[in-house]
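Colleague: Build me a model:
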Amino acid sequence: MRVVQQRGLMFIDAARAGQRPLVPIADRIGLPHAWLDTTIDAEPSAAAIDAKLRRLEEVALKTGVAVAAAGASPLAVRRLVLWSETLAARNLVLAPLSAAVAPQVVADAPQ
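Modeller: Residues are numbered from 1 along each chain as shown. Sure thing, here's the model as predicted:
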């Protein structure tokens, strides 16, 4: 983890909540980090992706930030594009991961 820090990189934890042993280490050494709230295309169907995006919005509204990952499949990209076009109407924004690092740490650090 120190090598990651020394190279000016950040750490993204994809483990489930409650199973993130590296987050406290990253905190201790000052390594910028975030964790995934969800992988939106774990189940590759439009309905499942849309449900994950709705859940992501709930997390963002509750904590101020939410982080997700997705593959580059045509379906996932299409659902993300359609979803992103609706965000402004709900006062939500799509931002780069780097914008979520500090707010996520403050908002809702996993135990």
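Colleague: separation between the residue lying closest to Leu94 once chain neighbours are set aside and Ala42?
Modeller: Spatial nearest neighbour of Leu94, excluding adjacent residues (Cβ to Cβ, 6 or more residues apart in numbering): Ser84 at 5.1 Å. C-beta: built from backbone N, CA, C; applies to glycine. Per Cβ to Cβ, to the nearest Å, Ser84 is found 19 Å from Ala42.
Colleague: Ala76 too?
Modeller: Taking Cβ to Cβ, one finds Ala76 at 10 Å from Ala42.
Colleague: And Glu58, by the same measure?
Modeller: From Glu58 to Ala42 the distance is 17 Å (Cβ to Cβ).
Colleague: Residues contacting stretch 63-81, please?
Modeller: Under the contact criterion Cβ atoms under 8 Å, 6 or more residues apart in numbering, stretch 63-81 has outside partners 12, 14, 34-41, 44-46, 49-50, 52-53, 56-57, 59-60, 97, 100, 103-104, 107-108.
Colleague: What's the ChimeraX line that selects buried ones from the residues you listed?
Modeller: A single ChimeraX command selects the buried members of the contacts of stretch 63-81 (16 or more other Cβ atoms under 10 Å):
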select :34,35,36,37,38,40,41,49,52,53,56,57,59,60,100,104,108
